[in-house]
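1. Attaching a predicted model along with its sequence, questions to come.
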Amino acid sequence: MKTLPRARTKKIDKVASHDKVSVEQTIQTLRDENSELKRKNIELAKENLTLKKTRWGSEELLNATIRKLEKKLADTKSKLVSMKKTLAWFRKNMFGQKSEKNDVNLDEELETDEIDTASETESELEEQAQTKRSKGQQSGSKGHGNKNLSDVPVSQVIPVEIPDCRCSECGTLYRMLSAVEKSPLLEITTELYQDVYELSKYVSQCDCQGRKILTAPPPAKLYPRTRFGNSLWIYLLVQKYLHGTPTNRTIKELDLLGFSLPEGTIAGGFKNIEGLLEPWYQGIINHCRGASLWNADETTWRVFGSGKKTWWFWVVASSDAVVHLLDESRSKKVPQEFFAGSVGTLMTDRLASYKSLPSSIKKAWCWVHVRRDFLKIFNGVKS
């Protein structure tokens, strides 16, 4: 085997030693780089975890906000439905016209209204609020039809014919059929008349009580000296107190019929009628006081010739009697005087005048006022 020279061997060992040091340095460098990469990887993993937690928190926050908004929207729709139900109830029962033909079940109306409300968008509601409903019967709505007039008495039947009804071409007369077409026409007549009662007179023909003349009794009158019959007084009372027609206007209307009534006579007659009705009025009051359940309310009332602008018009109603009280005061003395000695339950609003009644009168507050409190609480309004 051939042996290398010693110098060459030393050189090879030197090169090998140098390469070994380089390799070790390279390995150490790689290890350092690997450690740095691991450290950065750990930092990135921590940062990634932080970002994930932040994202999860943001998603939870957004989801919670969405849930709150959805709940608020549902509450708003529920409030709107409740308001519409309340409005529909007031329109129907307080301000609507009563008609048996158009008597629709309120629950069906509210149910339909609730369905429509749930499907409406905000823009549609704003457009609906801006659109005003025209007065009178709406186009396309079902009318009432012709009223049945079978209960109106027939004064006379007037035949109507076509004179000289013949053919326009040859001149041959038409033959009249037995069938006719009825065309009713309502008419009214207002007639003022007077009945003259001839009171017979009688003279005695014996000497038992001396010569004596007797006269038949006059017809029944409202009061002795009046010349107005009861039907005329009823007409005047209906015009004034039922229709609210001023007496002067009624006098002008009768004047067109050729009969002038003195206004002083009518005013004096009304005073006599008031005296005749006073016992009845007191009887109604006493009967109403003897009930066990009442409704009561009061409102302003203008009185002519009074020192104040308005008085107060009180009403107390039992199951079979209604009493109207006109007083210049809204104080507790009015209900206290009326319910003195009565025992029962009074349903009314929470006016302080009613709260002062004795314990014998139990108080039941009106459901409409209680319901308003519920609506205020529901809408977040302090009462």
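-> Structure's in. What do you need?

2. contacts, neighbours, all on C-alpha from now
-> Will do.

3. so where does Lys363 fall, helix or strand?
-> Lys363 is located in strand 361-365, with elements delineated by DSSP states H and E.

4. How about Leu277?
-> helix 263-289.

5. elements contacting that helix?
-> Applying 3 or more CA pairs under 8 Å, 6 or more residues apart in numbering; DSSP states H and E, one finds that helix 263-289 contacts helix 247-256, strand 322-327.

6. buried ones in the first one?
-> Pointing back at helix 247-256 there. By 16 or more other CA atoms under 10 Å, the buried positions in helix 247-256 come out as 247, 250-251.

7. swap in stretch 259-269?
-> 266, 269.

8. Send me that stretch as CSV with only the CA atoms.
-> Extracted as CSV, the C-alpha positions of stretch 259-269 are listed here (Å, rounded to 0.1, in the frame of the first residue of the first chain):
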residue,chain,number,x,y,z
PHE,A,259,-150.1,80.6,11.8
SER,A,260,-148.1,83.1,14.0
LEU,A,261,-147.4,81.9,17.6
PRO,A,262,-146.4,84.5,20.3
GLU,A,263,-143.0,83.7,21.7
GLY,A,264,-144.1,84.8,25.2
THR,A,265,-146.9,82.3,25.2
ILE,A,266,-144.5,79.4,24.3
ALA,A,267,-142.0,80.5,27.0
GLY,A,268,-144.8,80.7,29.6
GLY,A,269,-146.0,77.2,28.5
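
9. avg pLDDT for that stretch?
-> For stretch 259-269, the mean per-residue pLDDT is 89.

10. on that earlier part again, TSV for the buried residues of helix 247-256, including pLDDT and distance to Ala321?
-> What follows is these, written out as TSV (pLDDT from 0 to 100; distance: CA to CA, whole Å):
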residue	pLDDT	distance to Ala321
Thr247	92	29
Thr250	93	31
Ile251	93	33
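
11. what's the closest of those to Lys135?
-> Thr250 (31.2 Å; CA to CA).

12. my read: the closest one touches Gln239, true?
-> Yes - between Thr250 and Gln239 there is a contact under CA atoms under 8 Å: 7.3 Å.

13. Summarise which helices and strands the helix or strand in which Glu47 is found is packed against.
-> Using DSSP H and E, Glu47 sits within helix 6-90. Judged by 3+ CA pairs under 8 Å, 6+ apart, the packing partners of helix 6-90 are helix 106-119.

14. what about the protein, any weak spots by pLDDT?
-> 1-20, 56-57, 94-132, 145, 305-308, 380-383 (pLDDT under 70).

15. What's the separation between the most centrally placed residue in it and Val368?
-> By CA atoms, centre = their mean, the chain has its centre lying nearest to Phe90, at 1.7 Å. Going from Phe90 to Val368 by CA to CA, to the nearest Å gives 10 Å.
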